[in-house]
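Asker: Okay, predicted coordinates and the sequence, questions at the end:
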Amino acid sequence: MINRVATLSVHTSPLDQPGTGDAGGMNVYIVETARRLAERGVEVDIFTRATSRALPPVVELAPGVLVRNVQAGPFEELDKTELPRQLCSFTSGLLRAEAAHDPGHYDLVHSHYWLSGQPGWVAAHRWGVPLVHSMHTLAKVKNLSLAEGDTPEPALRVTGEEQIVADAHELVANTADEARELIDLYGALPRRVQTVAPGVNLEVFTPGGRAEARRRLGVPADAYLLLFVGRIQPLKAPDVLVKAAARLLDRRPDLRSRLVVAIVGGPSGTGKERPEGLQKLAASLGLGDVVRFEPPTRQSGLAEWYRAADVTVVPSHNESFGLVAVESQACGTPVVASAVGGLRTAVGDGISGVLVQGHDPDDYARVLENLYDEPHLRERLGHGAVRHARVFGWDATADRLLRVYNSVVNERVCA
């Protein structure tokens, strides 16, 4: 029986706002599953790297969920390429925190993303408990589908991921596709890979009135609103949507007065190298009056944007799942997404949205034009979106994760 879990998220804190810096779907995953595990009687301590002196050592995120800010390196946000040098310090802080308790305080370690894997292995080995690991993204997969001009993931990360695959007692994949990638590209043992689909907060992301949402957001009632939500970086390909909007207006000049493209998010990763790059692209394409740039917002604000939109566009070059797509669908807004990775699971092609092969803006423009011309199709996909999203509740994710935890702990007890 699991009583307490140490969850590791070295490079990004569950307290950070998703859509800024390196915070994204993984942050949401950790927070939502921790809350629901706590509701099931499992205490969760989330260890992350402290990025400010103002942060207290321990923050209660929810009843039964603590965030432990470990001092490891300077009190500032570091690029992920700089974080491997801080892993020894982080591991030391992690072990000191556990040493303050009686032996057997934690029943299991669950590390998230490759940077957490090494500290996770050391802690699990020292404490004599199993290590469960979630990759969330895979370097080899990302390097096979790089955006133009993006930087390949370094060999250090590939090696780190290979070591985690070899050392973890259980690997949790977001989709069947990711499970196959772990097996085919990393040599993971199939019996050590469990698929647990992420979820969506079905209490926050619900269908609602489009007209009222648009009024509150200052979007014209008759607009054709295309929405992008996420971190602004080449991997997420918001440039594909901007270019597609330009092609759409080339094909349909009559849409000029109605088209609105909303980009909700902030620069991240290699996108920080050119933080104004997307704005400059929109200006160069003559879309200064069409594209709106909005800061990251909390879930309630995101739900408002999804309800206001006609279509949410997710043109990513790679996604381990595609949380934005499911959130949008839960609000009744269909999704146009690239047919890659977890998006093939998150979006029901022809049921809750449309999957596009490749990243040619012309292809996206044709799909978006068709959806504009066929409001009944948009309506049908919107109804299908709500039904499709219902299977992705966080309660189901937490229940499945808890079964994985209990299975791996019981296996070690019986060994």
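Answerer: Structure received.
Asker: what about the strands in the stretch 51-200 of the chain?
Answerer: For the stretch 51-200 of the chain, the strands defined by DSSP state E, counting those that start in this stretch cover 58-62, 65-70, 108-112, 131-134, 170-173, 193-195.
Asker: name the helices or strands packed onto the shortest one?
Answerer: Spelled out, it's strand 193-195. On a contact count with 3 or more C-beta pairs under 8 Å, 6 or more residues apart in numbering; DSSP states H and E, strand 193-195 meets strand 170-173, helix 176-186. Using the backbone N, CA and C atoms, a C-beta is placed for each residue, glycine as well.
Asker: so of the ones you listed, which one's packed in deepest?
Answerer: strand 170-173 (a mean of 23; mean count of other C-beta atoms under 10 Å).
Asker: Which neighbours in the sheet does it have, and how are they oriented?
Answerer: strand 131-134 (parallel), strand 193-195 (parallel) (DSSP bridges).
Asker: would JSON lines of the helices and strands packed on strand 193-195 with distance to Asn201 and mean pLDDT be doable?
Answerer: Converted to JSON lines, the helices and strands packed on strand 193-195 look like this (distance: least, C-beta to C-beta, whole Å; pLDDT from 0 to 100):
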{"stretch": "strand 170-173", "distance to Asn201": "20", "mean pLDDT": "98"}
{"stretch": "helix 176-186", "distance to Asn201": "22", "mean pLDDT": "96"}
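Asker: mind checking which of the ones you listed is nearest Thr81?
Answerer: In terms of C-beta to C-beta, the element of the helices and strands packed on strand 193-195 nearest to Thr81 is helix 176-186, at 21.4 Å.
Asker: Would you map the helices across the stretch 51-200 of the chain?
Answerer: Taking DSSP state H, counting those that start in this stretch, the helices of the stretch 51-200 of the chain run over residues 87-99, 114-127, 139-144, 155-167, 176-186.
Asker: Just name the most buried of the strands of the stretch 51-200 of the chain.
Answerer: Ranked by mean neighbour count, those are led by strand 108-112 with a mean of 28 (mean count of other C-beta under 10 Å).
Asker: so what secondary structure elements neighbour that one?
Answerer: strand 4-8, helix 25-39, helix 114-127, strand 131-134, helix 394-414.
Asker: For Leu108, see how far away Ala100 is.
Answerer: Relative to Leu108, Ala100 is positioned 19 Å away (criterion: C-beta to C-beta, to the nearest Å).
Asker: rewinding a little: dump the helices and strands packed on strand 193-195 to CSV, plus distance to Val122.
Answerer: Compiled in CSV, these are given as follows (distance: least, C-beta to C-beta, whole Å):
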stretch, distance to Val122
strand 170-173, 17
helix 176-186, 20
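Asker: just so I know, which of the ones you listed lies nearest Lys80?
Answerer: Shortest separation from Lys80 across those is recorded for helix 176-186, at 19.7 Å, computed as C-beta to C-beta.
Asker: How far does that closest one sit from its chain's centre?
Answerer: A distance of 18 Å separates the centroid of the chain from that of helix 176-186, by C-alpha atoms, centre = their mean, to the nearest Å.
Asker: what sits up against that helix?
Answerer: Contacts with helix 176-186, where a contact means C-beta atoms under 8 Å, 6 or more residues apart in numbering, come from 135, 138, 140-141, 161-162, 165, 171, 173, 188-190, 193-195, 320, 341-342, 344-345.
Asker: Same question for stretch 293-302.
Answerer: 17-20, 201, 204-205, 229, 262-266, 278-279, 305, 327.
Asker: got it, and stretch 33-45?
Answerer: With contacts defined as C-beta under 8 Å, 6+ apart, stretch 33-45 is touched by 2-7, 14, 46, 61-66, 68, 97, 106, 394-395, 397-399, 401-402, 405.
Asker: what's the straight distance from one end of that stretch to the other?
Answerer: With C-alpha to C-alpha, to the nearest Å as the measure, stretch 33-45 spans 12 Å from end to end.
Asker: just to revisit the earlier point, any of the contacts of helix 176-186 buried? List them.
Answerer: 135, 138, 140-141, 161-162, 165, 171, 173, 188, 193-195, 320, 341-342, 344-345 (16 or more other C-beta atoms under 10 Å).
Asker: Relative to Ser316, which of the strands paired with strand 170-173 is closest?
Answerer: Here strand 131-134 is closest among those (C-beta to C-beta), at 18.5 Å.
Asker: Flag the shaky bits of this structure, pLDDT-wise.
Answerer: For the chain, the stretches with pLDDT under 70 are 18-23, 268-275, 413-415.
Asker: May I see the helices of the stretch 51-200 of the chain organised as CSV, with distance to Ala213 added?
Answerer: CSV is the format used below for the helices of the stretch 51-200 of the chain (distance: least, C-beta to C-beta, whole Å):
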stretch, distance to Ala213
helix 87-99, 42
helix 114-127, 37
helix 139-144, 34
helix 155-167, 40
helix 176-186, 33
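Asker: Show me which parts of stretch 395-410 are buried, residue by residue.
Answerer: Neighbour-count burial for stretch 395-410 flags 396-398, 400-402, 404-405, 408-409 (criterion: 16+ other C-beta under 10 Å).
Asker: got CSV for the strands paired with strand 170-173, with distance to Pro334 too?
Answerer: CSV is the format used below for these (distance: least, C-beta to C-beta, whole Å):
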stretch, distance to Pro334
strand 131-134, 28
strand 193-195, 25
